[in-house]
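J.: quick one, what's the 3D model for this:
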Amino acid sequence: MKDLSGSERFIINDLFDSGIFTSTVTDQTSQAKADAIVALRRPATQQRLRSFLVDLVGVGPTNFQENLIFLSGEKSLPAETTHVLLATIKAVINLPELQNTQADRVVAVRTVVRQVHSEVVELNEKEIRNQIIALFVDRFGLFIEDEPEQIPEDQAQEIEEYWSVSPDFAAVAQCLVNRIRTMTDRPTPSTIQQINQTLLNRYYLSAASYLWPELVKNKEVIAAQWQQTDRFVLECGDNYAVLLDKKRSPSTAKPFVIAIGVAQSLGIGIPSAQLLDRIHNVAERLIPGYPINVSLVKEALYVNGLALERDGYVVATPLVKRFGIKQAEREA
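T.: You can find the predicted model right below:
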């Protein structure tokens, strides 16, 4: 296919980052996004986007009123999360606060969570709230946490939490429902599409993977596909491949820095049961006194391809050699 246009690249990269592209123009909409919204109204643009993504990973975006949803590979939703998502959509759409055209689209968090809990009884309200935040606040950006009103210090009162609901909520919700309905209809991805799904979701693929021989055989083709985005570059070493993202700046996030230190300390590997102690030891060495969040460090370790678990051991990947820890980060 011909090279993607700037607007097409903008939409595709938005889908890679959050899984959605919304079509409402607000005061905060950048000119680049406004141009992309106009471009998406053209059937030719929609066809090119679908063709590119299907060719790349075997899955195209779901479109409803020029709002797009793109869920691929590991970013697809497990059954329990799908239940929470559908129950949340139903709860929010039926709220009286959103039944009129008023500009204020604020809903009480407690009300939404309780409505969802009445349908998703296998989870408690705290678990439901966390899943809703992960989906609608962090991942899709359809809820924005609303600042609570200031309460005088001399008044003992529980602070009510609110979410501001995106004006695109109803259209994106329909898109999500349509996507979930067709998830079982997808054809089995080709080997190259499986490789690209892995690279998109993990950024890393090792020589130990069953996909490695096909990646080596087709690395020029795969590299050319990613080059279309004007964002990703495939680096293929002797025993690893990594998808380099030009948008990612060197990280100073403490969990990521600690994860690098942990990976560099693994040597030939350590038993998985020893990983917790290793994280604490490395954290104390790199950032003394830092209140470590082990879950975030483990997530950084695995999501960024710094280490993997194999036969009960945690083993560093060759990718860790690409990273260094500067003195300034140790003193953070």
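
J.: show the average pLDDT along stretch 34-48.
T.: Mean pLDDT, stretch 34-48: 94.

J.: okay, buried residues for it please.
T.: Applying a neighbour-count criterion of 16 or more other C-beta atoms under 10 Å, the buried positions in stretch 34-48 are A36, I37, A39, L40, T45, Q46, R48. (Each C-beta comes from the backbone N, C-alpha and C, glycine too.)

J.: next, the first one: secondary structure please.
T.: For A36, the secondary structure call by DSSP: H, G, I helix; E, B strand; the rest coil comes out as helix.

J.: that one and P167, how far apart?
T.: For A36, the distance to P167 equals 17 Å [C-beta to C-beta, to the nearest Å].

J.: do the fifth one as well
T.: Distance, T45 to P167, by C-beta to C-beta: 22 Å.

J.: same thing with I128?
T.: Distance from I128 to P167, by C-beta to C-beta: 24 Å.

J.: which two in the buried residues of stretch 34-48 are spaced the farthest apart?
T.: Spatial extent of these (C-beta to C-beta) is set by the pair I37 and R48 at 15.7 Å.

J.: where exactly do the strands run in this structure?
T.: With DSSP state E, the ranges of strands along the chain come out as 20-21, 62-64, 67-69, 106-108, 143-146, 162-165, 204-206, 232-236, 240-245, 270-271, 307-310, 313-316.

J.: I'd like the buried residues of stretch 34-48 written out as a markdown table, with distance to I133 added.
T.: Putting the buried residues of stretch 34-48 into a markdown table (distance: C-beta to C-beta, whole Å) gives the following:
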| residue | distance to I133 |
| --- | --- |
| A36 | 27 |
| I37 | 27 |
| A39 | 32 |
| L40 | 28 |
| T45 | 33 |
| Q46 | 31 |
| R48 | 34 |
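
J.: quick one: which of the residues you listed sit in helices?
T.: Those of the buried residues of stretch 34-48 mapping onto helices are A36, I37, A39, L40, T45, Q46, R48, per DSSP state H.

J.: in the chain, which spans are helices?
T.: 6-18, 31-40, 43-57, 79-93, 109-117, 125-132, 169-181, 191-202, 212-217, 219-227, 254-264, 275-286, 294-303, 327-330.

J.: packing partners for the fourth one?
T.: In terms of contacts (3 or more C-beta pairs under 8 Å, 6 or more residues apart in numbering; DSSP states H and E), helix 79-93 is packed against helix 109-117, helix 125-132, helix 169-181.

J.: now do the third one
T.: Secondary structure elements in contact with helix 43-57, counted by 3+ C-beta pairs under 8 Å, 6+ apart, are helix 6-18, helix 31-40, helix 191-202, helix 219-227.

J.: quick one: low-confidence parts of the stretch 51-200 of the chain?
T.: For the stretch 51-200 of the chain, the stretches with pLDDT under 70 are 73-77, 99-104, 147-159, 183-186.

J.: do that again at 50, thanks
T.: Along the stretch 51-200 of the chain, segments meeting pLDDT under 50 span 156.

J.: D3: neighbour count?
T.: Number of residues near D3 (other C-beta atoms under 10 Å) recorded here: 9.
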